Every structure is written in structure tokens, then in C-alpha cells.
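Enquirer: just the structure for this:
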Amino acid sequence: MSTVVVVKKAGRVVIAADTLTSFGDTKCRGKYIENKDKILTFKDSYIGLVGSAAHSNVFYSIINNYANLLSFKSREDIFESYIKLHPILKEKYFLTTQEGDESEQVYESSQINALITNRYGIFGVFSWREVYDYERFWAVGSGSSFALGAMYAAYDLLSTPEEIAKVGVEAGAEFDNGSALPDSIYSVQLKVVEK
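Expert: All right, here's what the predicted structure looks like:
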């Protein structure tokens, strides 16, 4: 459940998310919960998590206790960070590493899907530690298909990444029963790479 999006355009990167939390059949909109933001801050990075609501508690604890293991400057750094975190997630946070049919599973799962944005770009991290470096935009969560379609349609028409991200989250909130407004949004200037 959730809609989290990242957008890169015009020298800026943006991450945005809905604020709905659900517990089984019960949903808790952002106006009822103090810690409604699905986007965490770590140094100069913003991390949008989807999946279990416990992920944010775990990630805050990781940031507070294992910050020295984390670097989000590149696809490779993110991958290595998640490799270091996986045994900690299993041992300290009691992570269940199986997803679905075990016979089809090649690697242990970290159970966490996330989007990361910072001055180095926009990145996606998925449960088997697959890491992607996106060029334009991406979305994760139960509302991601709606968000991707909306951002695809809007990307060349709108001038700022903030506008495009907002369209994506709003589409997720409009059509996905696991997402709802208000949204939260953060933007960062991309690092200028000298050639």
C-alpha cells in the first residue's frame, strides 16, 4: 500500500508520497497520525519506503545505529549498503527473508522496496537488493501503475519535477485504495558533474 514517486528534470530531483497508513481493513489518513510521512531523511538523501509500516521504525533505528554502513551516492554504493544491512535486518530486526513460493526464490528477501533521491540522482531499491538508477521518473507501491501512467503523460508537458511528482501521487491517491492525500514532497538540486 502506498504511492511513492521520484522525478528528475531540469537539474532537480524530487521525491513525493501519499500519507495513508493502513492496518488490515483499517486506514489511518495523514490528518490522524503524527508520523505520517513515508519519506525519511538520511544526510543529504530522502528515502521513500513502501510495504510494512514497521519498515520506517526499522529504518530510523538503522540510521541511528548503523549510519556508518550507509552510502547512497551511486547505484553501487546503495547495493553495497544493502548487502551490509541484510544480516543486521535478519539478526537484530527479525526480518523474515522468504517471499511467496520458496522454490522460485533465488535470494533471501530484504522485504523492503524503496526509492531514494539525493543530489546524485533518483534510485530504486527492491527486496532482492536490485538497485536501479532512473533517468526520468519511477514509482513504487500499490498506486505505482497509476502514478507511472500519469507521470508518463505529464513529463513532457509540465516544466518542473515537483509538478510531475504531484500528478503521480495524486493519480495513485485517486485510483488506488491503498493511497490517500495529503502528499509530502521534497526536492533537491542535482550535483553538477564536470566533464
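Enquirer: identify each buried residue in the longest helix anywhere in the chain, please.
Expert: Ordering each helix of the chain by length in residues (DSSP state H) puts helix 75-91 first. Neighbour counts over helix 75-91 (16 or more other C-beta atoms under 10 Å) mark 75, 78, 80-82, 85-86, 88-89 as buried. Where C-beta positions appear, they are placed from N, C-alpha and C, glycine not excepted.
Enquirer: now it: average pLDDT?
Expert: Across helix 75-91, pLDDT averages out at 95.
Enquirer: what's the answer for stretch 54-62, then?
Expert: Rounded mean pLDDT across stretch 54-62 is 92.
Enquirer: pull the residues that contact it.
Expert: 35, 38, 40, 47, 49, 70, 85, 88-89, 93, 111-112 (C-beta atoms under 8 Å, 6 or more residues apart in numbering).
Enquirer: give me the buried entries from the residues you listed.
Expert: For those, buried by 16+ other C-beta under 10 Å: 38, 40, 47, 49, 70, 85, 88-89, 111-112.
Enquirer: go ahead and confirm Ala173 touches Lys166.
Expert: No. Look at Ala173 against Lys166 with C-beta atoms under 8 Å: they stay out of range, at 10.4 Å.
Enquirer: okay, and the common contacts of these two?
Expert: Taking C-beta under 8 Å, 6+ apart as the criterion, Ala173 and Lys166 both touch Asp183.
Enquirer: ok, the closest residue to Gly30 other than its chain neighbours - contacts?
Expert: Nearest in space to Gly30, with sequence neighbours left out and distances taken as C-beta to C-beta, 6 or more residues apart in numbering, is Thr19 at 3.1 Å. The contact partners of Thr19, taken as C-beta under 8 Å, 6+ apart, are 29-30, 33, 36-38, 180-184.
Enquirer: between those residues, which has the most around it?
Expert: Lys38 (29 neighbours; other C-beta atoms under 10 Å).
Enquirer: next, give phi and psi for it.
Expert: Main-chain torsions, Lys38, degrees, to the nearest 10: phi -90, psi 0.
Enquirer: cool, and Ser187?
Expert: phi -130, psi 150.
Enquirer: the closest residue to Ile78 other than its chain neighbours: what's it in contact with?
Expert: Of all residues not flanking Ile78 in the chain, Val131 sits nearest, at 4.8 Å (C-beta to C-beta, 6+ apart). Contacts were defined as C-beta under 8 Å, 6+ apart; by that measure Val131 touches 75, 78-79, 82, 123-125.
Enquirer: mind running it again at 7 Å?
Expert: The contact partners of Val131, taken as C-beta atoms under 7 Å, 6 or more residues apart in numbering, are 75, 78-79, 123, 125.
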